[in-house]
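Asks: Fold the following, please.
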Amino acid sequence: MPAAKLTDRFDRLGGVRHILAYDRAQPVAAIRVNLETGHGLPPETHFDFRPAIAELRMHEQQPGGRYLPASGSMLVIRRPWRRRYNILRALFRAATHCFQHWGATHVILNSTPRLAPLYRHIGFRPIHEPLWIPEIGDHVVPMIGRVEDCGRHAFAQGGYIPQLDHSPTFGRAGSKTL
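Replies: Reported below is the predicted structural model:
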């Protein structure tokens, strides 16, 4: 598989972490997580989440009315590792830990229709029917979830909590540096 780089403006903003999972020395999966810093979030590039967020804020009572969104995007898993639940679980735990560390209250994302049931199980809810995105060449399902629900699901089994070293942006999931 040739090496490829896919970056956008969200990789250069503050409040971004790239989480990588390795099998020995080989990277096998990655996800990018972003905290809202006033410049928007990656999923908003393809869908306007504002109406859903406004409705959510009206119906959910956040302590002090606080709402701080984050996002997960650019989830990639090499084909031979896609059916290995431990890879996805490690990425999800590390991402959830970032959201908690940042104090985020909600997570927005654009899922593929195939992965939407998994996100529903975690507590995300779809806020629109699947949309065709020509630039991606696939459908996406805009979804929103609470960090509190992510944390319950991520850490319900076992006591794994990744340790964060905030100086590098890249690192190995489950190791000292994320």
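Asks: Find the nearest non-adjacent residue to the most centrally placed residue in the chain, please.
Replies: Closest to where the C-alpha atoms of the chain average out (CA atoms, centre = their mean) is residue 72, at 2.1 Å. With CB to CB, 6 or more residues apart in numbering as the criterion, residue 72 has its nearest non-adjacent residue at 4.9 Å, and that residue is residue 109. (Glycine included, C-beta is placed from N, CA and C.)
Asks: list the buried ones in the helix or strand of the chain with the lowest mean pLDDT?
Replies: One helix or strand of the chain scores below all others by mean pLDDT, DSSP states H and E: helix 50-59, with a mean of 80. Neighbour-count burial for helix 50-59 flags 52-53, 56 (criterion: 16 or more other CB atoms under 10 Å).
Asks: sorry, back to before: pretty sure the residue nearest to residue 72 contacts residue 74?
Replies: No: using CB atoms under 8 Å, residue 109 makes no contact with residue 74, being 10.4 Å away.
Asks: the more surrounded of those two?
Replies: Between residue 109 and residue 74, residue 109 has the larger neighbour count (other CB atoms under 10 Å), namely 24 against 17.
Asks: partner strands of the helix or strand hosting that one, parallel or antiparallel?
Replies: Here residue 109, judged by DSSP states H and E, is contained in strand 106-111. Paired neighbours of strand 106-111 in the sheet (DSSP bridges): strand 69-77 (parallel), strand 138-146 (antiparallel).
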